[in-house]
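Student: A structural model of the following input is requested.
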Amino acid sequence: MGQRAGSADLPLDGGRVPPWLGERMTKLGAVIAQAIVIEFGRDAFLSRLSSPFWFQAFGAVMGMDWHSSGITTSVIGALKRGLKPLEGELGLHVCGGRGRHSRATPAELVARGERVGFDGAALAQASRLVAKVDSAAVQDGFQLYLHGFIVADDGKWVVVQQGMKDATGTARRYHWLSEGLQSFVDAPHAGIDGESVGEIVNLADRRAARSRTGQLDLLAGLGPDGVAREYADLLARRAPAKPKEQAELPFLVLPAHHDVRPEDVHLRRLHGNLAAAADRAPADFAELLLVPGVGARTVEALALVAEVVHGAPCRFTDPARFSYAHGGKDGHPFPVPLDVFDRTIGVLRSAVGKAKLGHGEELAALRRLDDQSRLMERAARGPSLPALIERERAASHRHGGMTVFGPAEQLTAGRTAAGR
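Tutor: Okay, here's the model as predicted:
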């Protein structure tokens, strides 16, 4: 049965990912995928993508707006670009995307299947069914506009698709995982991202089996016109309905505010990340720290990236925390430190490259960094979140800070943000 992974409120976000960020997201997303596949295998990477919480943290560590719907589009796009040259190595293929790319998914799957050897026609049918379930069987008022289908050479797959509701300015993301999936219409979702907005019609819930069967019987017995007449008569005669209790997936509410606030971050975990970076760096990254430009700030970013690679599912309930690695394109919590971002990519590429040659010391160092974060958070102390953010904003111009508004400037008295 599909694993239910929860939900999150995703405010709709306009605008585009600037090229300077898109290029880095492509590189970082690809090398994180490589690290996960090397350490845990392809199935583990697909499983992570099916988790709404991990997916949001994955986008946040890549410099996207930590709370918004834009993470979905940008992450799928970055993976599609970044994993294409690695298809032969990783055996992973990203199809679909937003708008017209979404509609091209079945044709892409058929073409990939002919080239790789999996049943592309069957997967194309699965793609259509997944889209149909979330647009018709689950009637929650969200109109689908994005469909990403990630498939492995062995035919296992994950789908991440998203719908929008203009009236509320929110988006809902749906996650599907092929592993354990027994039915497309009986509790199939790995997770659904979206704010609870009242009672919905979910014919894909296993409790709706009698309803699905009854609808087919009605259609066969009365025909479309007869069903319409019966429905009109029912509306005329029905008494006011009493509110019904709804079984809901656990969900993470991602607020509309752009700034990262103390209530958005599990501060003890962040203190653990930072303390582990300070503690493990001299022991595990001594050679790295001798490289010009690589220093404590890069290792802090690596501590959060290491958690994305190695962290248990329970570690991603506060995706805002992962925006501390590389900031956000809109300047929240601080401008994207391009120098740190590039060094993070460089360190990970070095670690992955050596691991492929049988030298896994650097990937092992990242694993120890993640382990140490969990150990140290029990007693770690440090500045408040506003103080940490202010520290990064003040130093942003020294790290090549950038936002969609332009380069970060050196802060002066009275200035509270960079590049704005």
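Student: how about low-confidence regions in the stretch 1-150 of the chain?
Tutor: 1-9, 136-140 (pLDDT under 70).
Student: now the helices for it?
Tutor: Shown for the stretch 1-150 of the chain, the helices assigned by DSSP state H, counting those that start in this stretch span residues 19-40, 42-49, 52-61, 70-83, 87-90, 100-103, 105-116, 120-132.
Student: could I get those as a markdown table with distance to residue 303?
Tutor: For every residue, glycine as well, the C-beta is placed using N, CA and C. Listed next are the helices of the stretch 1-150 of the chain as a markdown table, based on distance: least, Cβ to Cβ, whole Å:
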| stretch | distance to residue 303 |
| --- | --- |
| helix 19-40 | 14 |
| helix 42-49 | 18 |
| helix 52-61 | 11 |
| helix 70-83 | 21 |
| helix 87-90 | 25 |
| helix 100-103 | 34 |
| helix 105-116 | 36 |
| helix 120-132 | 36 |
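Student: can I see the domain layout of the protein?
Tutor: Residue ranges for the structural domains of the chain, counted by automatic domain parsing, are given in the record as 7-202, 262-407.
Student: what about the stretch 201-350 of the chain, any weak spots by pLDDT?
Tutor: Across the stretch 201-350 of the chain, the ranges flagged by pLDDT under 70 are 201-253.
Student: one step back: which of the helices of the stretch 1-150 of the chain is buried the deepest?
Tutor: Looking across the helices of the stretch 1-150 of the chain with neighbours counted as mean count of other Cβ atoms under 10 Å, the highest average goes to helix 52-61: a mean of 27.
Student: roughly how far apart are the closest residue to residue 339 other than its chain neighbours and residue 341?
Tutor: Taking Cβ to Cβ, 6 or more residues apart in numbering as the measure, residue 339 lies nearest to residue 400, with 4.2 Å between them; neighbours along the chain are not counted. Applying Cβ to Cβ, to the nearest Å, one obtains 8 Å for the distance of residue 400 from residue 341.
Student: what about these two, which has more around it?
Tutor: Using other Cβ atoms under 10 Å, the more surrounded residue of residue 400 and residue 341 is residue 341, with 26 against 17.
Student: pretty sure the more buried one is touching residue 24, no?
Tutor: Yes. In this structure, residue 341 is within contact of residue 24 by Cβ atoms under 8 Å, at 5.4 Å.
Student: give me the common contacts of these two.
Tutor: Each of residue 63 lies in contact with both residue 341 and residue 24 under the rule Cβ atoms under 8 Å, 6 or more residues apart in numbering.
Student: what about residue 180, which SS state?
Tutor: When states are read from DSSP: H, G, I helix; E, B strand; the rest coil, the local structure at residue 180 comes out as coil.
Student: residue 160 too?
Tutor: Taking three-state DSSP, the label given to residue 160 is strand.
Student: count of neighbours near it?
Tutor: Close neighbours of residue 160, defined as other Cβ under 10 Å, add up to 25.
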